[in-house]
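1. Sequence and predicted structure, then a few things I'm wondering about:
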Amino acid sequence: MKSSATDCLLDLYDEQHELEDYQSGVPRWCTGCGDNAILTAVQRLCRDEALRPEKTVFVSGIGCSSRFPHYMKTYGFHGIHGRAFPVAEGVKMARPDLTVFVNTGDGDCCSIGAAHWIHAIRYNMNLTVFLHDNRIYGLTKKQASPTSPIGTKSNTTPRGSYLDALNPLSVTLGVANASFVAQAVDWIPESLFEIVKAAYHHKGMSFVRVLQRCPEWLPNSFEPWMQDPDRIQLLHHENSLQLSAGLSKVYKNQLQHDPLDMNRAREIASSEDVIPVGILYQNRDIPRYEETRQTGVLRTTETIRKGFDAELDKYTV
Amino acid sequence: MASNKPMKKAEPGKRAGSSKSAPVTLSEHIVEIISDSGEGAQRCGQSLGSIAARMGNGIWTTEIIPAEIRPPARSVAGASGNRIRIGSKYITNGGDQTDLVVAFNEQVLLGRVRDRELKPGCIIFLESMWRKHSNINISMAYIETHDRLVAAGYDVRETPMEQECQRLNADPKRGKNMFALGMLCYIYSFDLQAARDQVALTFGKKGKSVIDANVKLLEAGHQWASANLDFRFSIPATPAKHPQIVTNGNTALALGVMASGIELCAMYPITPATSASHYLSDVFEKVGGMVHQAEDEIAACAFAIGASYASKCTVTITSGPGYSLKQEAIGLAVMAEIPLVVVNVQRGGPSTGQPTKVEQGDLMCAIFGSHGDAPKVVMAPATIEDCFYSIITARKIAEAFNMVVVVLTDASLSSSQQPFNRPTFNESWLAPPIDQSPIPEGARPYDWDATTGIARRFIPGQPGGMHTVTGLAHDRDSHVAYDPDINQESLRARSLKLAALQKTLTPPEVHGDAKGDLLLIGWGSTKGAIEETVDILRAEGKKVASINLRFLQPMQPGIKEIMQRFKKVMTIEVNWSDSPDEEIIDESNRRYSSLAILLRSRYLVDVDCWSEVRGQPVKPSTIRRVALAKLKK
């Protein structure tokens, strides 16, 4: 809407930053919390891509993961529970020149903010979204979340949770205009970083579900997968991520998957035994709402005066 | 029994004996056009209002809206139409009872009679086609109702509008409204050319053939009335010196958004607010703005907050239930000090309430809504013109103080039309460009001024201003803080901003006597009716006056001093209050209406109140009765 107007106010220059230029405060997450791994990957991304701190905004909702913006030395918006998406959409719509990230948790995104999640996929705005999915409510001290596996014992489900878990990947892949869907796990930093990077470079809403450990409330919940590398399935393709020698050595279960293949992506998303890691789906051709809504009309005082007067003419008697 | 014998008054032309007399001069008249939904009575009424305004008459039009989109045809609840009060002088409200009605069927009239909207003896032009309808139930219902209306003393004139339209090979379902418009233009001695011009403007978008067809119907109606009616009125007009525009409140509001420097409106459909967004959706893009229809009310508010945070102030437009849903997000904007304009076009509540009806029930919710102490500015436009200028003022306040500004209009303002001086665009209405200048080293994102609480806002893109805004308690660096002193300090700062704004306001204008026996206080759309009542009472020798409060939070200075000059003070509102006449109501349990509570608590003055929630604009005759009773007590 007004990117051209704001860009011309700014000096365009190249600037290098160090990691600490993006670091703010000492994260207050628990030792061993998967959020730390995501923070590290994202700060590395910012440095490697030389993102200008003043042109970068992290938007979050409420929950452990939503503390994320406080630990970035960029602009940040730590809002209200479940509403990170619409706030981020507003930021991006008003200022397409800003790089906007969204940090949301499994309660924030898949429960209280589920409506916004569905519609954010439809809008497909150029946002990089991290779903910090630890399958439990952390900040409110251990209640079952929509992604908790059935039978999860929590403070609200002391005899085990009653419902099957919601699969955020399947849901996202089921919504019109899904354009980038990936999954990462906090305990494989190399692939986490590569996925974060691919998500950042995608034009459209990139949705990255990061399975993360919660040592405080669900310790060992990913233990079976961590103990058995064969239960991690690395996705790769010439149009997608390529695997490094190091990763290939440890993780032998690899699947060549064309990220344009939606049907296959849905199958992969629904696998329960193995955790697929990589890009499930990517389509670069889905329109982005902030671009669809561009009219090309440059807002000047004269345009407004003319448009306003033309409207008044319609009502003048 | 089912006699089809034509009534004596069935053919007005024959009865009149074609004798033409000079028009009867009136100072004002109230005329209604009502039909089934979809028959175009709304458009006819709006056009009549605009034509009257073209003639220089004062007008106030009021929509008559059924709650459903397609209520059953010929039903009492299905009346759809418009009511136009036309006067020699400037008209500020819908007035009292109707003097003349054009009805496309008899059933829609019954609801108006039941609601006591028609003046005794009122002239009724009633579509006569139903008398000979092939369905015996319909013709019987028509005859029965017709006879009842005649017996009740109404001046019923059966009119063959359908038949006359068919004579022009026009589809009466679509064209009858323009025929009726032509009749009314004759009756009120309006210039036929002014009427043609208005029809051309109304159908401008649809092309010449549509305009021509409608003009033909208009002329036919005019001719028929001229040939068949034995009376004619004239309401002398004083053309305004300044060019006038005629819009309803929602259109004025949308024009205000366009002219205010706001670039984005985020909304979710809700009656009666949506028409403002419809209009904006049509025109806003032409000036580089946009309307975003969000997935829900909460998202609309959060989207607006996100856009405001990153650039200029935005607006979200809603009505009662949507306003309730937005409360948490509004609290966030208050806490993070992000400018935001929220328009609440109030309707009847609570819950889904009366979506199309007027009420002023959201005042407390606007001031005290959202949990915790969430100070925000609350304004209430009182006229259609106010709806326009309030948005410009609201945007400026929101950005000057980094506050949420709530603009309370209502279902009456939203759909009523009134002429006002055509605004002259002023560059100073617009917002300055987005500040992208570097933030000086050491500057803090919430550097609250010790006296006013105001802090400079850092906007993303400003180098050196990086910080994370949060809905959590925070210090001057926007760091999450649980320190008791910091919470005390930050709530103080946000509260002081209201006081700082209040210092810039001027006292409300007193309408009527500077001192006397009774002061009536209102807010919002009741202004016109209250002031008209004051004029009537003063003409009757009573010492009365009124004030209308444009700002409800903070309140303008000087209100207490004004109240103290009167022996009695009471508010007139369209919301709930317990009547002191109830058997179990006394001073220890009476619930006062909203403004009365606010005035009593703030000024320690014994403010009485009168209010009603009939879903209709309060009438001058009602206020007069209430005021006279209060004067006697």
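-> Yep, that arrived.
2. Strands of the stretch 151-300 of chain A, start to end?
-> A:180-185, A:206-211, A:232-236, A:254-256, A:275-282 (DSSP state E, counting those that start in this stretch).
3. Tell me which strands the first one pairs with, and in which orientation.
-> Paired with strand A:180-185 in the same sheet, following DSSP bridges, are strand A:206-211 (parallel), strand A:275-282 (antiparallel).
4. Secondary structure element holding the residue in the stretch 201-350 of chain B that chain A sits nearest to?
-> Using Cβ to the nearest Cβ, residue B:306 is the residue of the stretch 201-350 of chain B that sits closest to chain A, at 2.5 Å. (C-beta placed from N, C-alpha, C; glycine too.) In this structure, residue B:306 sits in helix B:297-310 according to DSSP states H and E.
5. helices or strands up against that helix?
-> With contacts taken as 3 or more Cβ pairs under 8 Å, 6 or more residues apart in numbering or on different chains; DSSP states H and E, helix B:297-310 sits against helix A:84-94, helix A:114-123, strand B:264-267, strand B:290-293, strand B:314-318, helix B:320-325, helix B:327-336, strand B:340-346.
6. now the ones you listed in JSON lines, with mean pLDDT and mean neighbour count?
-> JSON lines is the format used below for the helices and strands packed on helix B:297-310 (pLDDT from 0 to 100; neighbours: other Cβ atoms under 10 Å in any protein chain shown):
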{"stretch": "helix A:84-94", "mean pLDDT": "98", "mean neighbour count": "31"}
{"stretch": "helix A:114-123", "mean pLDDT": "98", "mean neighbour count": "22"}
{"stretch": "strand B:264-267", "mean pLDDT": "98", "mean neighbour count": "28"}
{"stretch": "strand B:290-293", "mean pLDDT": "98", "mean neighbour count": "21"}
{"stretch": "strand B:314-318", "mean pLDDT": "98", "mean neighbour count": "31"}
{"stretch": "helix B:320-325", "mean pLDDT": "98", "mean neighbour count": "22"}
{"stretch": "helix B:327-336", "mean pLDDT": "98", "mean neighbour count": "23"}
{"stretch": "strand B:340-346", "mean pLDDT": "98", "mean neighbour count": "31"}
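7. how about a markdown table for those, with distance to residue B:376 added?
-> Below are these laid out as a markdown table (distance: least, Cβ to Cβ, whole Å):
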| stretch | distance to residue B:376 |
| --- | --- |
| helix A:84-94 | 19 |
| helix A:114-123 | 24 |
| strand B:264-267 | 18 |
| strand B:290-293 | 22 |
| strand B:314-318 | 13 |
| helix B:320-325 | 12 |
| helix B:327-336 | 6 |
| strand B:340-346 | 8 |
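8. if we compare the ones you listed, which one ends up closest to residue A:310?
-> Closest approach to residue A:310 among those is made by strand B:290-293 (17.9 Å; Cβ to Cβ).
9. so what does that closest one touch, helix or strand wise?
-> Secondary-structure packing of strand B:290-293 (3+ Cβ pairs under 8 Å, 6+ apart): strand B:264-267, helix B:274-283, helix B:297-310.
10. The first one pairs with which strands, and in what direction?
-> Using DSSP bridges, the strands paired with strand B:264-267 are strand B:290-293 (parallel), strand B:314-318 (parallel).
11. With only the CA atoms kept, save that strand in CSV.
-> The C-alpha trace of strand B:264-267 is given here as CSV (Å, rounded to 0.1, in the frame of the first residue of the first chain):
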residue,chain,number,x,y,z
LEU,B,264,-7.1,1.4,6.6
CYS,B,265,-10.4,0.2,8.0
ALA,B,266,-10.6,-3.3,9.4
MET,B,267,-14.1,-4.6,10.0
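12. contacts for it?
-> If you take Cβ atoms under 8 Å, 6 or more residues apart in numbering or on different chains as the criterion, strand B:264-267 is touched by A:1, A:90, A:93-94, B:257, B:273-274, B:277, B:280, B:284, B:289-294, B:299-301, B:303-304, B:307, B:314-318.
13. Dump the strands paired with strand A:180-185 into CSV; add mean pLDDT and mean neighbour count as well.
-> What follows is the strands paired with strand A:180-185, written out as CSV (pLDDT from 0 to 100; neighbours: other Cβ under 10 Å):
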stretch, mean pLDDT, mean neighbour count
strand A:206-211, 98, 26
strand A:275-282, 98, 25
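14. so can I have a markdown table of these showing distance to residue B:624?
-> Formatted as a markdown table, those follow (distance: least, Cβ to Cβ, whole Å):
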| stretch | distance to residue B:624 |
| --- | --- |
| strand A:206-211 | 64 |
| strand A:275-282 | 70 |
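15. hey, C-alpha coordinates of stretch A:292-308 in PDB?
-> The C-alpha trace of stretch A:292-308 is given here as PDB (Å, rounded to 0.1, in the frame of the first residue of the first chain):
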ATOM      1  CA  THR A 292      -3.600  -8.600  -4.300                       C
ATOM      2  CA  ARG A 293      -4.900  -5.600  -2.400                       C
ATOM      3  CA  GLN A 294      -2.400  -3.200  -4.000                       C
ATOM      4  CA  THR A 295      -4.200  -0.700  -6.100                       C
ATOM      5  CA  GLY A 296      -1.200   1.200  -7.400                       C
ATOM      6  CA  VAL A 297      -2.900   4.400  -6.200                       C
ATOM      7  CA  LEU A 298      -0.200   6.500  -4.500                       C
ATOM      8  CA  ARG A 299      -1.600   8.400  -1.600                       C
ATOM      9  CA  THR A 300      -1.000  12.000  -2.000                       C
ATOM     10  CA  THR A 301      -2.800  15.000  -0.600                       C
ATOM     11  CA  GLU A 302      -4.000  15.800  -4.100                       C
ATOM     12  CA  THR A 303      -5.300  12.300  -4.700                       C
ATOM     13  CA  ILE A 304      -7.300  12.400  -1.500                       C
ATOM     14  CA  ARG A 305      -8.600  15.900  -2.100                       C
ATOM     15  CA  LYS A 306      -9.800  14.900  -5.600                       C
ATOM     16  CA  GLY A 307     -11.300  11.600  -4.500                       C
ATOM     17  CA  PHE A 308     -13.000  13.300  -1.600                       C
END
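16. Who are the contact partners of the residue of the stretch 201-350 of chain B closest to chain A?
-> The contact partners of residue B:306, by Cβ under 8 Å, 6+ apart, come to A:59, A:77, A:86, A:87, A:88, A:89, A:90, A:91, A:92, A:93, A:94.
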